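> 3D model of this:
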Amino acid sequence: MRIEQLHYLVEVSKNKSISITAEQIHVSQQNISVAIRNLEKELGVELLERSYKGVSLTKDGEEFVEKAQEILTKIEELRSQFMSKAAPKKVLKGNLRINVVPYMTLPDILVSFYKLHPEVNVILKEHSPQIIMQNVAQGLCDIGIIFKTDEDPKFSELLWNLGLNYGNILDDKIFVCAGKKSPLKHKRVITLRELFQQRIIVSEDLYGWILDILKRYEDPSNLQIQKSNSMQIYKKLIIEGLAVGFVTGIGLEKELIFNKGEIIPIAIEKHNNITIGVVYSSSNSQTEISKEFIQYLKETIQEDYRILN
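Numbering: from 1, shown residues only. Just a heads-up that it's a prediction; the model follows:
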């Protein structure tokens, strides 16, 4: 159970709508829905009644929200008590446009940043790493959060050509994920040779990036790769053992399905390490808001996430 799950449920209970809540707190509807579904699975009860008219709390939901509100109030009191002792910070106002790679879960960090700077409007969009870098270079977003492998020989050259800076914020790992019906379910480490014999499913936005990595080791025509822009389809195919996918260490920490054993993470032999970082313009055009968020991200992300080794 995580603080942002409580926050989402309380806000949804007020608005009686996931879509309105998503718009208000600058988090996607999908992230809110998944967070609440995971909370229900963890607790073993339904908290929301869902219909075409909207959502409402169940009896268990009403009881849970009452307790959750008390917890959130205490957390806010604790934060206010100690923040008041710190030096006053500059009030930030305006928009912050962030591009992130799919499955890069940041809602709790965004929520806490928004509470510190309530007059900042965060606009969050998902794209592939390549598109994110182009968007930052063209001024279509302020900062991009991407991941890269240690084996990308052209990354530094691309940064230079686009006039971008890159800052490492977290050393993470990437895993193959297989369902409990998969023949790989008992493996803890997989070789690239074994991986290439599987049907692979990836997010449509990450397809080009994944393919660029895989084709360093294998002719793409020999690979079975399927694209999907639906997280539900992605998970279902993996759970049923019909394909394997990829997940980061952060994804492992955030997704309840891994803890329940429905999907098993498998390390990739000798090719497990990735770096999560932030890209921003090399020019002096960075806003105070983007500078503050980058600093905040670097300070908090390692505290908030446990990376599995």
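> And the helix or strand encompassing residue 293, what does it pack against?
Using DSSP states H and E, residue 293 sits within helix 288-304. Packing partners of helix 288-304 (3 or more C-beta pairs under 8 Å, 6 or more residues apart in numbering; DSSP states H and E): strand 94-100, helix 107-116, strand 143-149, strand 164-179, strand 273-281. Every residue, glycine included, has its C-beta placed from N, CA and C.
> Any chance of the ones you listed in a markdown table with mean neighbour count as columns?
What follows is the helices and strands packed on helix 288-304, written out as a markdown table (neighbours: other C-beta atoms under 10 Å):
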| stretch | mean neighbour count |
| --- | --- |
| strand 94-100 | 20 |
| helix 107-116 | 18 |
| strand 143-149 | 22 |
| strand 164-179 | 19 |
| strand 273-281 | 20 |
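> Of those, which shows the lowest average pLDDT?
Mean pLDDT across the helices and strands packed on helix 288-304 is lowest at helix 107-116; the value there is a mean of 76.
> list the helices and strands that one packs on?
Helices and strands touching helix 107-116, by 3+ C-beta pairs under 8 Å, 6+ apart, are helix 3-15, strand 120-126, helix 288-304.
> excluding its backbone neighbours, what's nearest residue 234?
Leaving aside its chain neighbours, residue 234 sits nearest to residue 228 (4.9 Å; criterion: C-beta to C-beta, 6 or more residues apart in numbering).
> brain fart, residue 168
Distances taken as C-beta to C-beta, 6+ apart place residue 277 nearest to residue 168, at 4.7 Å, with adjacent residues excluded.
> residue contacts, residue 134?
Contacts for residue 134 were tallied using C-beta atoms under 8 Å, 6 or more residues apart in numbering; they are residue 162.
> Helix or strand: which one has it?
helix 129-137.
> what do you get for residue 232?
Using DSSP H and E, residue 232 falls in helix 231-239.
> Can you list the strands that the helix or strand that that helix is followed by pairs with?
Downstream of helix 231-239, the next assigned helix or strand under DSSP H and E is strand 245-248. If you go by DSSP bridges, strand 245-248 pairs up with strand 164-179 (antiparallel).
> tell me the angle the partner strand makes with strand 273-281.
On the basis of axes from the mean of the first three to the mean of the last three C-alpha atoms, to 10 degrees, strand 164-179 is oriented at 140 degrees to strand 273-281.
> What would strand 164-179 look like as CSV? C-alpha coordinates only.
Provided in CSV are the C-alpha atoms of strand 164-179 (Å, rounded to 0.1, in the frame of the first residue of the first chain):
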residue,chain,number,x,y,z
LEU,A,164,20.9,18.3,-25.1
ASN,A,165,22.3,17.5,-21.6
TYR,A,166,21.7,14.3,-19.8
GLY,A,167,21.7,13.7,-16.1
ASN,A,168,21.7,10.2,-14.5
ILE,A,169,19.1,10.0,-11.8
LEU,A,170,19.0,6.2,-11.1
ASP,A,171,20.9,3.0,-12.1
ASP,A,172,18.2,0.5,-12.6
LYS,A,173,17.8,-3.0,-14.1
ILE,A,174,15.6,-4.4,-16.9
PHE,A,175,14.0,-7.8,-16.6
VAL,A,176,12.2,-10.1,-18.9
CYS,A,177,8.7,-10.9,-17.5
ALA,A,178,7.0,-14.2,-18.1
GLY,A,179,3.6,-15.5,-16.9
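> Just the CA trace of the helix holding residue 134, in CSV.
Written as CSV, here are the backbone C-alpha positions of helix 129-137 (Å, rounded to 0.1, in the frame of the first residue of the first chain):
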residue,chain,number,x,y,z
PRO,A,129,13.1,7.8,-25.9
GLN,A,130,13.8,9.0,-29.4
ILE,A,131,10.7,11.2,-29.7
ILE,A,132,11.3,12.6,-26.2
MET,A,133,14.8,13.8,-27.1
GLN,A,134,13.5,15.4,-30.3
ASN,A,135,10.6,17.1,-28.4
VAL,A,136,13.1,18.5,-25.8
ALA,A,137,15.4,19.7,-28.6
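> in that helix, what's buried?
Using 16 or more other C-beta atoms under 10 Å as the test for burial, helix 129-137 gives 129, 131-137.
> Helix or strand with the lowest mean pLDDT in this structure?
helix 256-259 (a mean of 51; mean pLDDT, DSSP states H and E).
> Pull up the pairing partners for the very next helix or strand once past it, direction included.
Remark: after helix 256-259, the chain's next helix or strand is strand 263-268, criterion DSSP H and E. With DSSP bridges as the test, strand 263-268 is paired with strand 164-179 (antiparallel), strand 189-190 (parallel).
> No more questions from me, cheers.
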